[in-house]
Every structure is written in structure tokens, then in C-alpha cells.
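1. Got a predicted structure here, sequence first:
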Amino acid sequence: MGSSTGHPLSEIILEFLLHHLRWIPVCFILLPLSFIYDLITRARNRLVHYVNSAPRAHDRKVAKIQGEVREWARGDKKKKMCNARSGWSTMSFRYPLYKNTSTLISTNSLIDILEVDEENRTIRVEPMVSMGDITNYLLPRGYSLPIVPELDDLTVGGMINGCGVESSGRKYGLFQHICVSYEIVTADGSLVVAKKGTEDAESQGLFYGIPWSHGTLGFLVAATIRIIPCKPFVKMTYMPVGDFKDMTAKLQSESTVSENEFVEGIQFSQEMGVVMKGRFSDGPPKNGEINAIGKWHKPWFYTHVEGIGKKNEEVTEYIPLRDYYHRHSKSIFWELEIIPFGNNVLFRWVYGWLCPPKISFLKYTTFGAVRRIYERRHVLQDMLIPLTDLEKGLQVFHDKTNIYPVWLCPFNLPTCPGFVKQKSGRNVLYVDVGVYGVCKKDDYDPKKTTRELEEYVRSVEGVQMLYADTYMTREEFYQMFDSSLYEWLRVKLNAKDAFPDVYDKVKKEARF
Ligand SMILES: Cc1cc2nc3c(=O)[nH]c(=O)nc-3n(C[C@H](O)[C@H](O)[C@H](O)COP(=O)(O)OP(=O)(O)OC[C@H]3O[C@@H](n4cnc5c(N)ncnc54)[C@H](O)[C@@H]3O)c2cc1C
Ligand SMILES: NC(=O)C1=CN([C@@H]2O[C@H](COP(=O)(O)OP(=O)(O)OC[C@H]3O[C@@H](n4cnc5c(N)ncnc54)[C@H](OP(=O)(O)O)[C@@H]3O)[C@@H](O)[C@H]2O)C=CC1
Ligand SMILES: CC(C)=CCC[C@@H](C)[C@H]1CC[C@@]2(C)C3=C(CC[C@]12C)[C@@]1(C)CC[C@H](O)C(C)(C)[C@@H]1CC3
């Protein structure tokens, strides 16, 4: 039996149930499980830090990974290799299909922080360490990563081999730009260190080649990343703005103020948005307001910002640093509407301390028709475009999707070798345009609309974040990304037999 919308009646009923009843398993099963899981991992991490067993265990784990790679190299090489981390635990709507047919290498055992070097201001970590683990460890010691991508469960390995962006990007660039060195197990099982600023051409090339390479040059087994001293609060100023032109101008002017540690914008409609600037602070002056937005009973961050935008008044308040870094975690940006009353004051006071559910657990339980329903209308895209093109870009996104809020995160993109083409010889301000939500436009078609967006992004020399669905052909993909250094490294490191090409990992057909 069909319907006027062309979808089977059963799916329409399921869609209704999904929207109205999905909160039941989420609240009663996933939330408690997520809470218990987090408690256990925190306790485990504390114990590991206390007994300092991670550095010794690291050598053992790396030797095992090298052994697995060498065993693959001795074999018939019919299968290629990839990380053993299961598809449901990754930060993307999709499941990587290639994991079913590849030789899995156990980099998922690499979950520990190895050491902090206060003198050189660096931290050395294994790739499965998450942003939440790092802030829990560093902030009490008075340090922070210069860039902390905001969802707790994002991993260092994903941020480096994919891409990581956050509101301090206007000062520090992308996650790859705060990295000092990578320890990589290559296709023949050897361990090489790719370090910024060395003489050795291969190590240099590899250092610039790893970001965005999605594990197709080798396995990252440890990374050394810059750390900076931080203060316990962020002094946040919310500045309401009007239309796209206004938003673009304000983001541009605030991104060039060197005192601003953080700059971020949220566009709530064609007529209204809010730009936020933040600076580190020791705390509020007398009568200054502290807003611990991360507390369980506080409203979702973006709704708080929207309230300020509607009043159209500039507001300044002091936010505890960890709350600031993970401000979008509690509501998973604006995706926690799976629990329709999640921002209700009663729910927050009674149940809020269990939120948010782990994204991986949500993903694990999104299957069958539920997935298909999401696929039909849900847009999940981050496009990185030059800030000078933002006004037009917002109009394009409006015309094609009409989804709000839109997340806007300016960042500095230096010219350097590698996957991202920005070869102007200067630093250029870019902005991440993040569109997450349900598209209500009648003519929305996932493939057609995404291809149109991709075409626009290519035309302004922008790039698409590759956790999202990409519908580009191989030719279009390599118009967007620069493969010259990558191809050289693939040959040099004998990676072609060992790993698929990036495009073959991220293309639509490689993901379910
Ligand atoms: C550090 C480095 C070393 C490389 N070494 C070799 C090599 O020995 N043999 C080879 O065939 N290919 C090498 N390549 C790869 C090759 O140069 C690239 O595939 C391609 O030429 C990059 O073109 P591009 O215009 O995009 O360079 P860009 O990405 O624009 O280059 C930017 C900067 O990268 C550095 N760089 C680029 N190429 C080289 C190079 N060959 N040697 C030293 N520094 C370089 C320079 O500092 C240059 O200003 C190297 C790449 C890099 C980044
Ligand atoms: N603020 C932000 O910047 C945000 C970014 N994201 C996106 O999420 C992604 C990260 O998600 P996350 O779940 O942490 O990572 P994933 O497990 O999804 O990894 C992303 C890619 O990196 C590869 N990779 C991961 N670890 C290693 C390693 N140790 N060695 C070699 N390759 C590795 C993976 O290879 P393989 O396929 O073999 O597993 C995969 O192709 C980013 O790429 C980013 O685009 C999402 C939300 C916010
Ligand atoms: C650069 C930045 C800030 C990117 C933010 C991207 C997030 C908003 C994305 C990453 C993973 C992501 C696609 C996800 C989802 C929402 C949007 C997320 C969180 C959800 C939770 C939506 C609901 C779905 O049923 C399901 C659980 C499968 C996914 C999981 C991944």
C-alpha cells in the first residue's frame, strides 16, 4: 500500500513513531548505559594515569600492530588494511563498508594519554584518546589543547587523519596545524616519525600528507600535539546580528581581533544570527555573571544563544572553560531533538544529568527503516569555504536546504603542502558552514542537492568535511582536493597495495 508522498504507509507510520516514541528507548536504555559507560572509562583512565602504565603498554601495543601489518605484508595482499575500530563507534552517520572486507589492524587498543611535556608545551597521546579524555586530563593541570573540537567522543586519530575544526581556529587553524609530530606504522610494518620542521624530505612530506588521508598512508600510533596554558573561565560576549551580510561582516571583523581566543557564529534565520567572541579569564569581576552552561539543569546552549539573539541585546557572561569547550555536546548541536522534551526544565532537572546519550550508542540503535527515514530528509554537512564568500554561501545553503540553525566557525587556513588546496602563499580566513537538520523543501533530493552544494563549494575553492556524505565523482573529488603530495607518498611508502585510496574510502558506495 502506498501514499500520496510515494512512500509506503508502513514507513509513514514508522516515521511518526520514530519522531514521537524514539525517546522511550533512548531515555530508559541508552541514557543509563551511556552514563555507566562514561563512569567506567573515567575510572579506568584515572587508574591508568595513577599507575602510569600507559607508556610501557604503548610499546607493547605498537609492536603488536607492527606484527599484524608484517603478517599482512607476508600474505597474498588480496585484502587491503584499515583500522579495526567498529563502524558504529565512529562520528559519522555512515558505516564504512570496506571494514567488512579489509584486514583489520588493532589500532583501537591505543586509548591512552602517554605524557605531558610542560617544558616544550606538548602532549603525546595515542590516537583513540577522545577530546573528552583530553579536557578531563589537561584542564585541571592548567593546560589545554589550542583547538578542542567540541563533541566529547571525537578522537585524536579522527581529527588528524580526517579533519578537526573549532572556534579557536581563527587563531590556530585546523587540528592538524597544532600537531608537532606523528608516529606512523607504514605498509611494511616499520615505525616512522613524521615531524614538523625536519630536514628529511620523506618525513616532512609525510607530516603534511597525513591530515585528511583517512588512514591510507599508514597507521597513526601516537601524536605529539601543542598545549597552551589556559584559565578557568571564558569571558563570552554574544553579539546579535541581522542578515547574511551582517553575519559575514561581523565574523570577519571579530576574526581579525588578535585578543579574541574564540569566535563562532550561529545563524538562526535569514534575518537573525549571533556572533560570539571569547577570551580566557580568571573569573568574573564583582557582579559579573557566571553561567555554568554545562550543568545538567541548564538549557541547551544554542537555545540560550537564540534567546539572546531574539532580545537583540549584547550580553557578556563568564563560562567555566570545560563547559565552554563542550558547549554543543549536551544537545549534540541541535540533533538531540530525538528527545522532543529534552530541553524542558522539568526533564533537565530530573533526567538532565544522564544526558547526552553516547552518539555511538545512538548510531548502533539506528537501523532498518529508521535509517532510511533519516537518509531521506536529514542533511548533515560541513563545508569549509573562504570567509569572503560566506554571504553568498549562506544564500546558497538557504536556497538548497532552508535549514536553521547554521553553525559558522571561522578558522585560519595557512598555505602548506597537503590535501587542502590553499596555495595563495598567504593565510586565508575560511569558515566552516555546518548544516544539520531536516530539510522541509519539497524538491529536496539527497544526491541532487548535495551535488549542487558540492559544486558550489568547489567553485569557491572550498572543501567538504569527509565524515559527511559525498556524492562527487573521483574527478570532482580531486578537483576539490590536491592529490600531488599524496600520490607521491603513496608510491614512496608502498601504500597503494596496502590501503585503498581516500576517495575509495569516503565515496557514497563505500559507506552504508
Ligand atoms: C617536504 C616535501 C618533500 C618532498 N620531497 C619530494 C621528493 O624528494 N621527490 C619527489 O618526487 N616529490 C617530493 N615531494 C612531493 C612533491 O613535491 C609533491 O607531490 C608536489 O610537487 C607538490 O606540488 P605542489 O605545487 O602542490 O607543492 P606545494 O604543496 O605547493 O608545496 C608547498 C611547499 O612544500 C615544500 N615542497 C614541495 N615539494 C617539495 C620537494 N620536492 N622538496 C622539498 N620541499 C618541497 C616546499 O616548501 C613548498 O614551498 C615532497 C613534498 C614535500 C611537501
Ligand atoms: N568539530 C569537528 O571538527 C568535528 C569533526 N567531525 C568529523 O568526525 C571525524 C572524526 O570522527 P572519529 O570518530 O573521531 O574518527 P573516525 O574513526 O571516523 O576516523 C576518521 C578517519 O580517520 C582514520 N583514522 C582514525 N584513526 C586512525 C589511525 N590511528 N591511523 C590511521 N587512520 C586513522 C579512519 O580510518 P578507518 O576508516 O581505517 O577507520 C577514518 O578514515 C573527523 O574526520 C571529522 O570530519 C565530526 C564532528 C565534529
Ligand atoms: C565540524 C562539526 C562541528 C561537525 C559536527 C558534526 C555533528 C553534528 C555530526 C557528526 C556525527 C553525526 C553525523 C551524527 C548524528 C548527528 C550529527 C552528528 C553528531 C546522529 C546522532 C543523528 C541521529 C542518527 O540517528 C545517528 C544516531 C545515526 C547520528 C550519528 C552521527
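-> Yep, it's here. Ligands and ions are numbered 1, 2, ... in the order given.
2. Give me the residue ranges of this structure where confidence is low.
-> Low-confidence segments of the chain (pLDDT under 70): 1-7.
3. pretty sure Val506 contacts His214?
-> Yes: counting by CB atoms under 8 Å, His214 is a contact partner of Val506 at 6.6 Å. Every residue, glycine included, has its C-beta placed from N, CA and C.
4. joint contacts of those two?
-> Common contact partners of Val506 and His214 (CB atoms under 8 Å, 6 or more residues apart in numbering): Leu466.
5. What segments of the stretch 101-250 of the chain are helices?
-> 131-138, 156-161, 169-172, 201-209, 244-255 (DSSP state H, counting those that start in this stretch).
6. right, and those - which one's nearest His398?
-> Among the helices of the stretch 101-250 of the chain, the nearest to His398 by CB to CB is helix 244-255 (7.9 Å).
7. by contact count, what packs against that closest one?
-> Contact partners of helix 244-255 among helices and strands, from 3 or more CB pairs under 8 Å, 6 or more residues apart in numbering; DSSP states H and E: strand 233-241, strand 262-267, strand 273-281, helix 390-400, strand 406-413, strand 428-438.
8. Which positions within it qualify as buried?
-> Under the neighbour-count criterion of 16 or more other CB atoms under 10 Å, helix 244-255 has 244, 246-248, 250-252, 254-255 buried.
9. Kindly report the residues of the chain close to ligand 2.
-> Counting by CB under 6 Å from any ligand atom, the chain comes close to ligand 2 at 82-83, 85, 90-92, 96, 107, 127, 149-151, 154-155, 157-158, 161-166, 214-215, 219-220, 465-467, 505.
10. Which ones among these also lie next to ligand 3?
-> Intersecting the residues of the chain next to ligand 2 with the surroundings of ligand 3, defined as CB under 6 Å from any ligand atom, gives 91-92, 165, 465, 467.
11. Scan these and report the most crowded one.
-> Among these, Val165 has the most neighbours (other CB atoms under 10 Å), with 24 neighbours.
12. Contact partners for that one?
-> 147, 149, 174-175, 382, 384, 409, 411, 432, 465.
13. Tell me which residue lies nearest the centroid of this structure.
-> When CA atoms, centre = their mean is applied to the chain, the residue found nearest the centroid is Gly164 (5.2 Å).
14. residues near the residue nearest to it when sequence neighbours are not counted, how many?
-> Excluding the flanking residues, the one nearest Gly164 by CB to CB, 6 or more residues apart in numbering is Phe175, at 3.0 Å. Phe175 has 28 neighbours, counted by other CB under 10 Å.
15. can I assume Phe175 is in contact with Met159?
-> Yes: if you go by CB under 8 Å, Phe175 and Met159 touch, sitting 4.2 Å apart.
16. Can you name the residue of the stretch 401-512 of the chain nearest to ligand 3?
-> Nearest to ligand 3 in the stretch 401-512 of the chain, going by CB to the nearest ligand atom, is Tyr436, at a distance of 4.6 Å.
17. my guess is that residue meets Phe397, correct?
-> No: contact status for Tyr436 versus Phe397: not in contact, 11.6 Å apart, counting by CB under 8 Å.
18. shared neighbours of those two, which are they?
-> With CB under 8 Å, 6+ apart as the test, Tyr436 and Phe397 both reach Ile403.
19. ends of stretch 477-488, how far apart?
-> Distance across stretch 477-488, first residue to last, is 18 Å (CA to CA, to the nearest Å).
20. Give the buried residues for that stretch.
-> For stretch 477-488, burial by neighbour count (16+ other CB under 10 Å) applies to 477-478, 480-482, 485-486.
21. Is it positioned near ligand 1?
-> Yes: Stretch 477-488 reaches ligand 1 (CB under 6 Å from any ligand atom) through 482, 484-485, 488.
22. Between which two of those residues is the distance greatest?
-> Across these, the longest distance by CB to CB is 11.4 Å; it joins Asp482 and Trp488.
23. for the stretch 51-200 of the chain, what spans make up the strands?
-> Assigned by DSSP state E, counting those that start in this stretch, the strands in the stretch 51-200 of the chain fall at 81-83, 103-105, 113-117, 122-125, 143-144, 179-185, 191-195.
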